[in-house]
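Peer 1: Here is my input, please return the structure:
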Amino acid sequence: MANMVGVRAHKRTQHKRVYNALSPIVLDADERTELAWLESEAPPAVARRARIVLLYARGLTLSAVARSLGVDRATARRWIRRFAEQGLRGLAHPSGGQARKRRFEQNLRDAVVRVALTDPRDLGEDFDNWSLRRLQGHLLRRGLVKQISVEGLRQLISGVPLPAEFWRRKPTKRLTLTPEERAGLEQLAQGSKESVARRARIILARANGLQEAEIAAAVGMGPSSVRYWIRRFRVHRMLGIQTERKRVRPILFTPELRRQILAVAQAAPEQYGIARQSWSLRSLRTVLIQRGIVQHISVQHLRRILGEAGLRFAKSSGANRELPQPQAQPISG
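Peer 2: Model (predicted):
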């Protein structure tokens with residue numbers, strides 16, 4: 001009997017492994033172009049799903065894809081599988097992609113619209129045009145809202161005539177090459193190592209009038225990477241694409257900063273105007289940004305800092321999980 005139970009458990013494990021296994025994805029040119037367009041132009045949720053598929057098709061493992069985008073492995077697996085089964089249609093939300101309509105109080109709407117109609121430099125920002133994410137960050141830092149999503153902002157300012165000088169992306173200057181530069185780029189594109197050759201092809205394509213999304217699809221890179229190398233070439237010319245990209249140092253959370261984060265996490269949410277009995281990671285993150293303790297911190301990094309200090313999640317039946325109050329319990333092992 002014990003052997004039979006063991007055999008059944010082994011079969012269940014095998015079935016689970018087969019279900020979780022993902023086959024490699026090979027994209028044709030049309031699919032790659034469509035995904036690149038979604039990555040740069042679609043709403044954030046759909047753009048993230050497109051990036052998941054593009055990274056996986058590029059050869060990254062499921063764990064690497066999830067880690068690079070800050071999503072759970074199960075989330076990455078779900079969208080990869082849906083794309084494999086349904087194609088681009090699988091990246092749409094089951095509800096048809098229609099976001100839930102949110103209701104906003106009139107005073108909140110008026111406050112947000114006033115900010116959206118104002119030059120960001122007049123409000124102390126160091127940039128001269130808004131995006132939805134920049135507006136979201138400004139509202140959270142200034143405490144004008146406790147929490148608001150990018151989709152919520154999009155709905156809130158929908159129909160408001162926004163001034164083009166504060167909202168429209170500045171037109172990109174045409175990239176012109178000297179005959180010597182074009183000859184040098186063509187030589188690099190043919191005979192140098194692959195990373196430099198790809199950068200040379202990016203510059204040649206941009207000089208020939210292709211848009212960033214088209215270039216990204218053609219060379220198998222993200223639009224942000226394409227923009228980076230075009231900017232490097234504009235500033236440093238040929239030298240800019242032949243030197244390696246500098247790695248950005250991660251944000252350093254000093255011991256003092258960690259102590260401040262933990263002090264907030266171990267206090268009652270009511271002390272910070274949060275109407276709930278215990279913290280969730282997202283509400284804690286919002287308060288940390290509003291109070292100026294951090295300028296930015298991901299939910300995943302916040303979870304790591306709390307875990308290293310011995311704070312665990314209390315399991316709940318919903319998708320949201322809350323931090324236990326009031327004291328932390330050390331993690332064993």
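Peer 1: Quick check: phi and psi at residue 28.
Peer 2: phi -90, psi 180 (degrees, to the nearest 10).
Peer 1: ok, now how distant is it from residue 142?
Peer 2: Taking CB to CB, to the nearest Å as the measure, residue 28 and residue 142 are separated by 47 Å. Glycine gets a C-beta too; all of them are placed from N, C-alpha and C.
Peer 1: Do you know the pLDDT at the residue most central in space within the chain?
Peer 2: What sits nearest the mean C-alpha location of the chain, by CA atoms, centre = their mean, is residue 69, with 5.8 Å. Here the pLDDT value assigned to residue 69 is 80.
Peer 1: my guess is residue 133 contacts residue 148, does it?
Peer 2: No - contact between residue 133 and residue 148 fails when scored by CB atoms under 8 Å: they sit 11.4 Å apart.
Peer 1: Which of the two has more residues huddled nearby?
Peer 2: Under the neighbour definition other CB atoms under 10 Å, residue 133 and residue 148 were set side by side, and residue 148 has more, 19 against 11.
Peer 1: Next, the contact list for that one, please.
Peer 2: Neighbour list for residue 148: 136, 139-140, 156 [criterion: CB atoms under 8 Å, 6 or more residues apart in numbering].
Peer 1: Tell me where the model's unsure across the chain.
Peer 2: Low-confidence segments of the chain, defined by pLDDT under 70: 1-21, 93-104, 168-172, 192, 244-252, 312-333.
Peer 1: Go through stretch 300-316 and flag the buried ones.
Peer 2: By neighbour count, with 16 or more other CB atoms under 10 Å as the criterion, the buried positions of stretch 300-316 are 301-303, 305-306, 309, 311.
Peer 1: ugh, typo on my part, it should be stretch 166-182
Peer 2: Neighbour counts over stretch 166-182 (16+ other CB under 10 Å) mark 166, 177, 181 as buried.
Peer 1: Can you dump the C-alpha atoms of it in CSV for me?
Peer 2: Below are the C-alpha coordinates for stretch 166-182, written out as CSV (Å, rounded to 0.1, in the frame of the first residue of the first chain):
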residue,chain,number,x,y,z
PHE,A,166,4.6,69.5,-21.1
TRP,A,167,3.3,66.1,-22.4
ARG,A,168,4.5,65.4,-25.9
ARG,A,169,7.9,63.7,-26.3
LYS,A,170,10.4,66.0,-28.0
PRO,A,171,10.9,65.0,-31.7
THR,A,172,14.1,63.1,-32.3
LYS,A,173,16.6,64.9,-34.5
ARG,A,174,17.5,63.2,-37.7
LEU,A,175,20.7,61.2,-37.4
THR,A,176,23.2,62.2,-40.1
LEU,A,177,26.5,60.4,-40.9
THR,A,178,29.6,61.6,-42.6
PRO,A,179,30.8,59.4,-45.5
GLU,A,180,33.7,58.3,-43.2
GLU,A,181,31.3,57.3,-40.4
ARG,A,182,29.1,55.4,-42.7
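Peer 1: can you tell me the helix or strand for the closest residue to residue 91 other than its chain neighbours?
Peer 2: Take residue 91 and drop its neighbours on the chain: the residue closest to it by CB to CB, 6 or more residues apart in numbering is residue 49, 4.5 Å away. When elements are defined using DSSP states H and E, residue 49 is found to belong to helix 44-57.
Peer 1: rewinding a little: got the contact list for the residue nearest to the centre of the chain?
Peer 2: The neighbourhood of residue 69, defined by CB under 8 Å, 6+ apart, consists of 48, 51-52, 55, 76.
Peer 1: Let me know the closest of those to residue 263.
Peer 2: Each of those was checked against residue 263 using CB to CB; the closest is residue 48, at 32.4 Å.
Peer 1: hang on, the earlier thing: would you reformat the contacts of residue 148 as JSON lines and include secondary structure?
Peer 2: As requested, the contacts of residue 148 are arranged in JSON lines below (DSSP: H, G, I helix; E, B strand; the rest coil):
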{"residue": "136", "secondary structure": "helix"}
{"residue": "139", "secondary structure": "helix"}
{"residue": "140", "secondary structure": "helix"}
{"residue": "156", "secondary structure": "helix"}
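Peer 1: Tell me the one of those nearest residue 105?
Peer 2: Distance from residue 105 was checked for each of these by CB to CB. The minimum falls on residue 156, at 10.5 Å.
Peer 1: Next, count neighbours for the closest one.
Peer 2: The number of residues packed around residue 156, counting by other CB under 10 Å, is 19.
Peer 1: In this structure it contacts residue 112, no?
Peer 2: Yes - contact between residue 156 and residue 112 holds when scored by CB under 8 Å: they sit 5.6 Å apart.
Peer 1: State the phi and psi torsions of residue 38.
Peer 2: Taking degrees, to the nearest 10 as the convention, residue 38 sits at phi -60, psi -40.
Peer 1: Nearest residue to it in space, ignoring adjacent ones along the chain?
Peer 2: In space, not counting the residues next to it along the chain, residue 38 is nearest to residue 50; the distance is 3.9 Å by CB to CB, 6+ apart.
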